[in-house]
Each structure stands twice: as C-alpha cells, then as structure tokens.
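S.K.: Dropping the sequence and predicted coords here.
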Amino acid sequence: MYKLTISILFLLLSACANVNQQFFAINAGDSKQSVLDKMGAPDDRQFQGKNEAFQYCTTGTSFGKSTFNVVW
C-alpha cells in the first residue's frame, strides 16, 4: 500500500511539473505560432482590442482545484 501511495503522489507531482515546464518554454515576444507549437491548442481565447490571449486550464492540480494560465 505504501508503494502505491508513493507512486500516485509521484505521478501527480510530475504531471504538475510538466505543465509548468511548458510555460517556462514561452518567452516574451514569441509569435502566436510559437506559443501554439509549445503549448498546443488553448482551452479558450480572450481578446482585448487587437490583442489575443490564450487560456490554458489544468484540472485536478491539487485535490479538486484547477489552474488557469493566460498567455498574452
């Protein structure tokens, strides 16, 4: 049972790390296509004037919580 618990904990923590690593790969001034290549299709898009933002949602990051990241 202990090994199963540790394995599940490791899996959950490594999944969060992978999402964060994708965001660290984005640099200021990256093109829209570059962000799409690194992050994939966004879950939602937002507009403010001529500016477009991509919203990415990661569900279940911590016991029922969801994380929303917006890339302008």
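M.R.: Nice, I can see it. Numbers count the residues shown, from 1 in each chain.

S.K.: ok, which stretches of this structure are strands?
M.R.: Read by DSSP state E, the chain holds these strands, from start to end of the chain: 44-48, 51-62, 65-71.

S.K.: Now render those as a markdown table, adding mean neighbour count, distance to residue 27 and mean pLDDT.
M.R.: Backbone N, C-alpha and C define where each C-beta goes, glycine included. Written out in a markdown table, the entries for the strands of the chain read as follows (neighbours: other C-beta atoms under 10 Å; distance: least, C-beta to C-beta, whole Å; pLDDT from 0 to 100):
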| stretch | mean neighbour count | distance to residue 27 | mean pLDDT |
| --- | --- | --- | --- |
| strand 44-48 | 10 | 20 | 91 |
| strand 51-62 | 14 | 15 | 80 |
| strand 65-71 | 13 | 11 | 77 |
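
S.K.: Quick one: closest of those strands to residue 33.
M.R.: Taking C-beta to C-beta as the criterion, strand 51-62 is the member of these that comes nearest to residue 33, at 11.7 Å.

S.K.: and the closest one, which strands flank it?
M.R.: With DSSP bridges as the criterion, the sheet partners recorded for strand 51-62 are strand 44-48 (antiparallel), strand 65-71 (antiparallel).
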